[in-house]
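Engineer: okay, structure incoming, though there's no sequence with it:
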């Protein structure tokens, strides 16, 4: 009990402390939730059961781009979870299911957050002008002018 309280205090200050936790603590919902809320990538240390818990995974994917990679296959195919992830970190699209990487709304959300996420969209959507224009919407996102837009569409 005392070890749990020490760990809970530690992960609330530094989520990466979950790396040192026992299997029992990595299956403790309260401990893992505190850790991933602070440091999303530590979802990888959570138990398989908790990596399939939507309420644990959501704050993790909103906190760190890699967190979706460690979510269960079921949640990487959950539209709500993936939308939350790509709205926070467009490049999280890389870890979404193939089906959601071919979902126009999900992909547009991803490329609006990070134009480079276009690379992770399905082949079909990489050639979709609406998706490419969404990626080009901000000059910091990689596609700068009409010629690059045409090249992106034609290369897909």
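Structural biologist: Perfect, I can see it now. Bear in mind that the values here come from a model prediction, so they are computed numbers and not experimental data.
Engineer: helix, strand or coil: sort out residue 65 for me.
Structural biologist: State at residue 65, reduced to three classes by DSSP: H, G, I helix; E, B strand; the rest coil: coil.
Engineer: which neighbouring elements make contact with the helix or strand residue 109 falls within?
Structural biologist: Counting by DSSP states H and E, the element that carries residue 109 is helix 104-113. Under the contact criterion of 3 or more Cβ pairs under 8 Å, 6 or more residues apart in numbering; DSSP states H and E, helix 104-113 touches helix 79-88, helix 129-135. Heads up, the C-betas are built off the backbone N, CA and C, glycines and all.
Engineer: any idea which helix or strand comes after it?
Structural biologist: Next along the chain from helix 104-113, counting by DSSP H and E, comes helix 123-126.
Engineer: show me what that following helix is packed up against.
Structural biologist: Secondary elements touching helix 123-126 (3+ Cβ pairs under 8 Å, 6+ apart): none.
Engineer: and for residue 14, the neighbour number?
Structural biologist: By other Cβ atoms under 10 Å, 13 other residues sit near residue 14.
Engineer: cool, residue 18 as well?
Structural biologist: Residue 18: 26 surrounding residues under other Cβ under 10 Å.
Engineer: do the same with residue 105
Structural biologist: Each residue near residue 105 was counted by other Cβ under 10 Å, and the total is 11.
Engineer: any idea how far residue 61 is from the nearest residue to it once chain neighbours are set aside?
Structural biologist: Setting aside the residues directly before and after it, residue 105 is nearest to residue 83 in space (Cβ to Cβ, 6 or more residues apart in numbering), at 7.6 Å. Distance, residue 83 to residue 61, by Cβ to Cβ, to the nearest Å: 10 Å.
Engineer: mind checking which of those two has more residues around it?
Structural biologist: Higher neighbour count among residue 83 and residue 61: residue 61, with 30 against 18, using other Cβ under 10 Å.
Engineer: ok, that one - contacts?
Structural biologist: 40, 67-68, 71, 81, 84-85, 88-89, 92 (Cβ atoms under 8 Å, 6 or more residues apart in numbering).
Engineer: phi, psi for residue 66 please.
Structural biologist: The phi/psi pair for residue 66 (degrees, to the nearest 10) reads phi -80, psi -10.
Engineer: next, the buried residues of the helix holding residue 109.
Structural biologist: Neighbour-count burial for helix 104-113 flags 106-113 (criterion: 16 or more other Cβ atoms under 10 Å).
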